[in-house]
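Peer 1: please find the sequence and the predicted model below.
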Amino acid sequence: MQTFSKTTPALAISLIDDPFYQSITIDSVDAEARLSVLSRYFEYSLQEADRTGRCTLHDDPALGAAAWLLPRTPEVEAAEASAKRAHLAELLGPNGWNNYCRIIGFMSERSEQLVPADAWYLTIVGVHPAAQGRGIGARLLRPILAEADSVGAHAFLETFSPRGVAFYQRLGFERAAAFDEPTTMARYVVMRRAPLHVS
């Protein structure tokens, strides 16, 4: 199994202030503990994407990565959900795990009404803060977007970052809806992207 130990610290430090990740690491005692939990969370998430979706690393893995989940059979979905539940319940602690379940439940219910069931889901993209502004995020996403276009697949994501909306729009995503998520008490945007015609 591939490991992502060089990449996960970049994701942790770039996303530690995101309302979702703040909420699921609520049981951590300080910023150092949050970074440690998030690094382990992202290690699991990148491995899941590597198994059942797509995982793209920068040429220098310490700079960033993107993780996608693709449609899964019911059997694979059940197995992955069971394994994730066991891992994250222990990793996040009782309050963090409870927050995770509440947030994911709220967001999933709404995205299911807005995007096709077989859409490709961009779950994570992060670039080390020291390397941001160089186009790395777009380079991480373009190969998988091109692959989605080639097979006629829709894509979607959810973001709590107002600045991120414009970034994703440049890659062809459109705002589908915005919601106030009650656990984080923060607004997030659902964005979707129709496949581009490939001649």
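Peer 2: Happy to help now that I have it.
Peer 1: what helix or strand is Ala177 on?
Peer 2: Using DSSP states H and E, Ala177 maps to strand 174-181.
Peer 1: and whatever helix or strand comes next after that strand, what does it pack onto?
Peer 2: For strand 174-181, the following helix or strand on the C-terminal side (DSSP H and E) is strand 186-193. Strand 186-193 sits against helix 74-111, strand 155-159, helix 162-170, strand 174-181, with contacts defined as 3 or more Cβ pairs under 8 Å, 6 or more residues apart in numbering; DSSP states H and E. Where you see a C-beta, it was placed from the backbone N, CA and C, and this is true even at glycine.
Peer 1: the shortest one to helix 74-111, inter-axis angle?
Peer 2: So the one you mean is strand 155-159. Here strand 155-159 runs at 60 degrees with respect to helix 74-111, directions being taken by axes from the mean of the first three to the mean of the last three Cα atoms, to 10 degrees.
Peer 1: try the last one
Peer 2: Calculated by the same axes, to 10 degrees, strand 174-181 forms an angle of 80 degrees with helix 74-111.
Peer 1: burial of the closest residue to Met191 other than its chain neighbours, as a residue count?
Peer 2: Among residues not flanking Met191 along the chain, Phe173 sits closest, at 4.0 Å (Cβ to Cβ, 6 or more residues apart in numbering). For Phe173, the count of nearby residues is 24 (other Cβ atoms under 10 Å).
Peer 1: Phe173 contacts Ala194, doesn't it?
Peer 2: No - contact criterion Cβ atoms under 8 Å: Phe173 and Ala194 do not qualify, at 9.5 Å.
Peer 1: where in this protein is pLDDT low?
Peer 2: Low-confidence segments of the chain (pLDDT under 70): 1, 198-199.
Peer 1: neighbours of the spatially closest residue to Thr25 that is not a sequence neighbour, how many?
Peer 2: Leaving out its chain neighbours, the residue that sits closest to Thr25 by Cβ to Cβ, 6+ apart is Arg34, at 4.4 Å. The number of residues packed near Arg34 is 21, by other Cβ under 10 Å.
Peer 1: same deal with Leu140?
Peer 2: Neighbour tally, Leu140, other Cβ under 10 Å: 21.
Peer 1: buried stuff in the host helix or strand of it?
Peer 2: Using DSSP H and E, Leu140 falls within helix 136-150. For helix 136-150, the neighbour count (16 or more other Cβ atoms under 10 Å) marks 136-137, 140-141, 144-145, 148-149 as buried.
Peer 1: out of those residues, who's nearest Asn99?
Peer 2: The nearest member of the buried residues of helix 136-150 to Asn99, counting by Cβ to Cβ, is Gly137 at 26.2 Å.
Peer 1: surely that closest one touches Phe167?
Peer 2: Yes - counting by Cβ under 8 Å, Gly137 does reach Phe167; the two are 6.6 Å apart.
Peer 1: quick one: the helix holding Leu140 to strand 186-193, angle?
Peer 2: Using the same axes, to 10 degrees, helix 136-150 lies at 40 degrees relative to strand 186-193.
Peer 1: which strands or helices does helix 136-150 pack on?
Peer 2: Helix 136-150 is packed against strand 53-57, strand 64-69, strand 120-127, helix 162-170, with contacts defined by 3+ Cβ pairs under 8 Å, 6+ apart.
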